[in-house]
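Trainee: Sharing a model that was predicted from the sequence below.
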Number of protein chains: 2
Amino acid sequence: MTAKTRKSFIDYLKLKNLKNTSQRQAIVEIFCAGRGHVTAEDLHRKLSQGGRRVGAATVYRTLKLLCECGLAKEARFKEGVTMFEPDVEKAHHDHLVCTTCGRTVEFYNDTIEKLQETIARRHGFTITTHRMNLFGVCRDCRAKA
Amino acid sequence: MTAKTRKSFIDYLKLKNLKNTSQRQAIVEIFCAGRGHVTAEDLHRKLSQGGRRVGAATVYRTLKLLCECGLAKEARFKEGVTMFEPDVEKAHHDHLVCTTCGRTVEFYNDTIEKLQETIARRHGFTITTHRMNLFGVCRDCRAKA
DNA sequence: TTGGATGCAAAAGATTTGCATCGGC
DNA sequence: GCCGATGCAAATCTTTTGCATCCAA
């Protein structure tokens, strides 16, 4: 997986005549090592902690690249913070977000996907992407409350 | 409608022992006069143009109040900008957003709503709210392209 | 060699906050 | 008169950008 990710990223760089720098390698490495959602700042911190000092701007620039080539996806659960998640060979999914502990659960529902298409068509839209977040309280937090 | 909105807002203020100031009145007035989505800045500009100078901070503070009492809703279609829409006696709905011209269409689909509930329950979540945005290109923009 | 990449610091935006003053109730 | 509200400016916070320097190809 990780190896494959690294591979497709390098392919993308070549395709666009961009350079495969050590910073980009380091960022992709850390980013793909995690499974969940991270912010640009999270990554920047992890890199620093790992002794790999990279400029914050470079992290942002690289995440943008990763999104462009489809290896990362943006998700916005709350105001002012953009989260990124690795999107490697992972099917499209939506999110359930616990508003108490922040835990997220991914799910996919084919019926909903199809309905979305139908609704869009009915309104003359051609869907390119969508975002569905369900916010609520998870079992654990409900138990604690 | 507008009269009723003003009413419920005043009720809310009383309930919370907050004050019904002329600024708050002006903001609610303008906000509810429009039907679509506006940013805090939009409102601030409209007020100024109408000769009603109100501090930007007050607009933000009042919008927050309106959301608290359920008269406004937040919607985030793109990075870094929070849009607000009046939520008066209007059923819940989701959005179709044209990524080219920015036009939005509201829709409601009962089947999807029910499925969301089911999915959440299956994962042990109790949903409090959700947000579903379908992004795509509308008919007009497609024709122009 | 050369054009893209990096790091830093400054800039940009949106939103919030501190504080002195103002004004409902 | 009291306590919340306001306005302004300063502060925050995230993300972007300008620019001189650096480095992969």
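Mentor: Received it, and whenever you're ready, just let me know what you need. Remember, it's a predicted structure, so these values are computed and weren't measured experimentally.
Trainee: For the helix or strand encompassing residue A:143, buried residues please.
Mentor: According to DSSP states H and E, residue A:143 maps onto helix A:139-144. In terms of neighbour count (16 or more other Cβ atoms under 10 Å in any protein chain shown), helix A:139-144 has its buried residues at residue A:141. (Each C-beta comes from the backbone N, C-alpha and C, glycine too.)
Trainee: who does it touch, helix- and strand-wise?
Mentor: Judged by 3 or more Cβ pairs under 8 Å, 6 or more residues apart in numbering or on different chains; DSSP states H and E, helix A:139-144 has no packing partners among the helices and strands.
Trainee: quick check: mean pLDDT across that helix?
Mentor: What helix A:139-144 shows for mean pLDDT is 88.
Trainee: can you list the domains in chain A?
Mentor: Per automatic domain parsing, the structural domains of chain A span A:3-86, A:94-144.
Trainee: With adjacent residues omitted, what lies nearest to the residue nearest the centre of chain A?
Mentor: For chain A, residue A:85 is the residue whose C-alpha lies nearest the centre (Cα atoms, centre = their mean; 2.2 Å). Excluding the flanking residues, the one nearest residue A:85 by Cβ to Cβ, 6 or more residues apart in numbering or on different chains is residue A:37, at 4.8 Å.
Trainee: For residue B:24, which of the domains of chain A is the nearest?
Mentor: domain A:3-86 (22.4 Å; Cβ to Cβ).
Trainee: can you pull out the helices in chain A?
Mentor: A:2-15, A:22-33, A:40-49, A:56-68, A:110-122, A:139-144 (DSSP state H).
Trainee: Out of those helices, which one sits most buried?
Mentor: Among the helices of chain A, helix A:22-33 has the highest mean neighbour count (mean count of other Cβ atoms under 10 Å in any protein chain shown), at a mean of 18.
Trainee: Could you list the paired strands of the longest strand along chain A along with their orientation?
Mentor: Secondary structure of chain A per DSSP state E: the longest strand is strand A:126-137. Applying DSSP bridges, strand A:126-137 is found paired with strand A:94-98 (parallel), strand B:126-137 (antiparallel).
Trainee: Quick one: distance of the longest one to the chain centre.
Mentor: What that stands for is strand B:126-137. Distance of strand B:126-137 from its chain centroid, counting by Cα atoms, centre = their mean, to the nearest Å, is 14 Å.
Trainee: and the angle from it to helix B:110-122?
Mentor: Here strand B:126-137 runs at an angle of 130 degrees relative to helix B:110-122 (axes from the mean of the first three to the mean of the last three Cα atoms, to 10 degrees).
Trainee: who's in contact with strand B:126-137?
Mentor: Here strand B:126-137 makes contact (Cβ atoms under 8 Å, 6 or more residues apart in numbering or on different chains) with A:99, A:116, A:119-120, A:125-137, A:142, B:75-77, B:94-100, B:112, B:116-117, B:120, B:145.
Trainee: same question, stretch A:92-102
Mentor: Taking Cβ under 8 Å, 6+ apart as the rule, stretch A:92-102 contacts A:75, A:77, A:103-109, A:112-113, A:131-138, A:140-141, A:145, B:119-120, B:123, B:125, B:128.
Trainee: again, only using 6 Å
Mentor: A:77, A:104-108, A:132-135, A:137-138, A:141, B:123, B:125 (Cβ atoms under 6 Å, 6 or more residues apart in numbering or on different chains).
Trainee: and if you look at stretch A:73-89?
Mentor: A:5, A:32, A:37-39, A:63, A:72, A:97.
Trainee: Considering the residues you listed, which is situated nearest to DNA strand C?
Mentor: Of all those, DNA strand C sits closest to residue A:63, with 11.1 Å by Cβ to the nearest atom of the strand.
Trainee: Let me see the contact set for that closest one.
Mentor: So residue A:63 contacts A:40, A:84 (Cβ under 6 Å, 6+ apart).
Trainee: So it versus residue A:18, what's the distance?
Mentor: For residue A:63, the distance to residue A:18 equals 14 Å [Cβ to Cβ, to the nearest Å].
Trainee: Can you select the buried ones from the contacts of stretch A:92-102 in PyMOL?
Mentor: PyMOL command restricting the contacts of stretch A:92-102 to the buried ones, with burial defined by 16+ other Cβ under 10 Å:
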select buried, (chain A and resi 77+104+105+106+107+132+133+134+135+137+138+141) or (chain B and resi 123+125)
